[in-house]
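Participant: only geometry, no sequence info:
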């Protein structure tokens, strides 16, 4: 292929030298030197202005005369069949789009250099020369018209036609509808009388009241609380209380139906397909689930939390194991244990990519990282252990559901095939309070601040720097790093190490296969709402997690009940101590001691209650 391309390029260059050095001949020469398609060598080309009908030989001859006039050819026109046929092809193809030019060749070289970030190759050295380098990374290359045409030929991710985790099944109350949001769509989850979960748009067709504020009707349907309309599992309207006998024919109208969406229950989660128009495609497309989640040898518990930053910020953070020893010091790692982490080169496809781990991280091998589109990340670990029947295996599974610009839901679990009894003995709420929420809190202020900074306008922090061989020429995809119309921020990162390769691969996937990020509803706000600098708002555990988690909400209410009981017991103990002070001094003293103990327990219970609401996180004090 390379030799044939070179031959074509040489022939085209030779032909270009026969043209007069006019402006039009320069454009034509650029076009010929970039043409490598089969149409250029076809015996009879297709005319772009005649509905792609083959040109006759007579038409080709007439067009060759026109081509001489257009291109400003020499007076002595070439007479050979070779030159006549190519002059004819030129006239036919000149009306079509220019495929490539020397400028686009230069841009392609810049993009190839940018794709090699962290790969150890010095741009411009050539001849296979390798050396370590540092490069300022342009994560979103400029998009010109040529690049758009190339990208249109690639298969792109259709964000609406995919399964997204919507809720943890054990956290749902089957007696109440639950309002959620996926890709900016407000949805309602509810369970019908056959104990099957259903999903509808959270909108009553009557007057657009939210169905999530409704109730489960005695008939087993979903009833709107505004006017009492009732809907069945497929969205069909079964009751209009205000309709008389003649008006009940409205029940058969499609306009009276709620919009039903495909929904599945798998591995303890409810999965929603947010495109109601492709239900058959949803039935034929199973959710992409890691094998450890369906393996009975593995045990795990889900944790859910809504986070105040964009979906891509979450994915980048989970793809980055290098931050663990610092952002989660004394929670999941220690700063002094930080080591270089080497990842190989990923090859993104529309379905995702795998970043291979290379070498070891201390005593453990660097794990492979699997990114499963649209926002799932899986790590697999093998723990060296002697004298065991099966090797100890574990995984980290993180699923991200885009809720709205600046808001994402995370579903995380840690499957393992060892010490399963310990997982069963540990209360779910205790695991969330002790570890999971602490880990998420350690990232929250950093990531929320990172996102706000990436969306702000700067006066050119990187472009003002002098260009070097290690930092090739680059331009912001959107001026000053502003977000795109779909909430995806174009971020200019400096990523010199091989541990940054997963993030570089993800940005490349979004650009090449991710269609630029999720598509939000028309008229939907695409800039995340700034939360300000108040940590108690950014790390609001109650709003983001507790109210959605049945285990934590139950524990929270129990703690509140215990506080109330303890307060009553303190008052009773003090009163009893006073009443028996004269008659039974020993009993009076015992009651006084009990009052002190109960007062102390109230303080402990208040601290425990705070674990479900808000706990500050100061990295400088950890």
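Facilitator: Noted; the coordinates are in hand. All values reported here derive from a predicted model rather than from experimental measurement.

Participant: Output the contacting helices and strands for the strand ranked longest in the chain.
Facilitator: In the chain, ranked by residue count with DSSP state E as the criterion, the top strand is strand 392-404. Judged by 3 or more CB pairs under 8 Å, 6 or more residues apart in numbering; DSSP states H and E, the packing partners of strand 392-404 are strand 164-168, strand 178-182, helix 291-294, helix 311-318, strand 376-383, strand 407-413. Every C-beta, even on glycine, is put in place using the N, C-alpha and C of the backbone.

Participant: Mean confidence (pLDDT) on the fourth one, please.
Facilitator: Just to be clear, that refers to helix 311-318. Mean pLDDT, helix 311-318: 95.

Participant: and for that helix, what are the contacting residues?
Facilitator: Defining contact as CB atoms under 8 Å, 6 or more residues apart in numbering, one finds that helix 311-318 is touched by 307, 323, 371, 375, 377, 398, 400-402, 408, 410, 443, 447, 450-451, 488-489, 503, 506, 510, 517-518.

Participant: go with 6 Å
Facilitator: Helix 311-318 is contacted by residues 375, 377, 398, 400, 402, 408, 443, 447, 451, 488, 503, 506 when judged by CB atoms under 6 Å, 6 or more residues apart in numbering.

Participant: that older thread, CSV please, covering the helices and strands packed on strand 392-404 and showing distance to residue 330 and mean neighbour count.
Facilitator: Output for the helices and strands packed on strand 392-404, formatted as CSV (distance: least, CB to CB, whole Å; neighbours: other CB atoms under 10 Å):
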stretch, distance to residue 330, mean neighbour count
strand 164-168, 28, 24
strand 178-182, 35, 19
helix 291-294, 28, 16
helix 311-318, 19, 24
strand 376-383, 21, 19
strand 407-413, 20, 22
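
Participant: Show the average pLDDT along the helix or strand hosting residue 437.
Facilitator: Secondary structure from DSSP states H and E places residue 437 in helix 437-455. Mean per-residue pLDDT for helix 437-455: 87.

Participant: Quick one: list the elements packing against that helix.
Facilitator: Helix 437-455 sits against helix 311-318, helix 535-538, with contacts defined as 3 or more CB pairs under 6 Å, 6 or more residues apart in numbering; DSSP states H and E.

Participant: Dump the ones you listed into a markdown table; add distance to residue 294 as well.
Facilitator: As requested, the helices and strands packed on helix 437-455 are arranged in a markdown table below (distance: least, CB to CB, whole Å):
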| stretch | distance to residue 294 |
| --- | --- |
| helix 311-318 | 21 |
| helix 535-538 | 35 |
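
Participant: and the gap between residue 615 and residue 546?
Facilitator: Residue 615 is 12 Å from residue 546, where distance means CB to CB, to the nearest Å.

Participant: So for those two, which residue has more residues nearby?
Facilitator: Set side by side, residue 615 and residue 546 give different neighbour counts by other CB atoms under 10 Å, the larger being at residue 546 (22 against 16).

Participant: quick one: pLDDT of the more buried one?
Facilitator: Residue 546 is given a pLDDT of 97.

Participant: Correct me if wrong: it contacts residue 613.
Facilitator: No - here residue 546 does not reach residue 613: they are 7.2 Å apart, not a contact under CB atoms under 6 Å.

Participant: quick one, the helix or strand where residue 567 lies and strand 164-168 angle?
Facilitator: Assigning secondary structure by DSSP H and E places residue 567 in helix 550-579. In terms of direction (axes from the mean of the first three to the mean of the last three CA atoms, to 10 degrees), helix 550-579 departs from strand 164-168 by 30 degrees.

Participant: What are the buried residues along helix 550-579?
Facilitator: 551-553, 555-556, 559, 562-563, 566, 569-570, 573-574, 576-577 (16 or more other CB atoms under 10 Å).

Participant: Next secondary structure element downstream of that helix?
Facilitator: Downstream of helix 550-579, the next assigned helix or strand under DSSP H and E is helix 585-611.

Participant: Now that following helix: buried residues?
Facilitator: 588, 591-592, 594-595, 598, 601-602, 605, 608-609, 611.

Participant: Same question for stretch 208-220.
Facilitator: 209-212, 214-217.

Participant: so how far is the first residue of it from its last?
Facilitator: 21 Å (CA to CA, to the nearest Å).

Participant: Not counting it itself, show me its contacts.
Facilitator: 177, 179, 188, 192-193, 202, 204, 222-226, 230.

Participant: from those, which ones fall inside strands?
Facilitator: If you go by DSSP E, the contacts of stretch 208-220 have 179, 188, 222-223, 230 in strands.

Participant: Would you write a ChimeraX line that selects the buried entries of the residues you listed?
Facilitator: Command for ChimeraX, covering only those of the ones in strands among the contacts of stretch 208-220 found buried under the criterion 16+ other CB under 10 Å:
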select :188,222,223,230
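
Participant: Including distance to residue 536 and pLDDT, could the ones in strands among the contacts of stretch 208-220 go into a markdown table?
Facilitator: Formatted as a markdown table, these follow (distance: CB to CB, whole Å; pLDDT from 0 to 100):
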| residue | distance to residue 536 | pLDDT |
| --- | --- | --- |
| 179 | 24 | 97 |
| 188 | 30 | 98 |
| 222 | 36 | 98 |
| 223 | 37 | 98 |
| 230 | 41 | 97 |
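
Participant: part of a strand, is residue 507?
Facilitator: No - judged by DSSP: H, G, I helix; E, B strand; the rest coil, residue 507 forms no part of a strand; its state is helix.

Participant: so residue 157 touches residue 511, yeah?
Facilitator: No - Residue 157 sits out of contact with residue 511 when judged by CB under 6 Å, with a separation of 11.4 Å.

Participant: what residues are shared contacts of those two?
Facilitator: Common contact partners of residue 157 and residue 511 (CB under 6 Å, 6+ apart): none.

Participant: Residue 186 should be in a strand, yeah?
Facilitator: Yes - membership of residue 186 in a strand is supported by three-state DSSP.

Participant: Quickly note the distance from it to residue 265.
Facilitator: Separation of residue 186 from residue 265 (CB to CB) stands at 21 Å.

Participant: Now for residue 193: which residues touch it?
Facilitator: So residue 193 contacts residue 220 (CB under 6 Å, 6+ apart).

Participant: if I look at residue 552, how far off is residue 328?
Facilitator: 20 Å.

Participant: Then residue 501?
Facilitator: Distance, residue 501 to residue 328, using CB to CB: 21 Å.

Participant: Of those two, give the one with the bigger neighbour count.
Facilitator: When residue 501 and residue 328 are compared for neighbours, residue 501 comes out ahead with 24 against 20, by other CB under 10 Å.

Participant: Check what pLDDT the more buried one gets.
Facilitator: Confidence score, pLDDT, at residue 501: 96.
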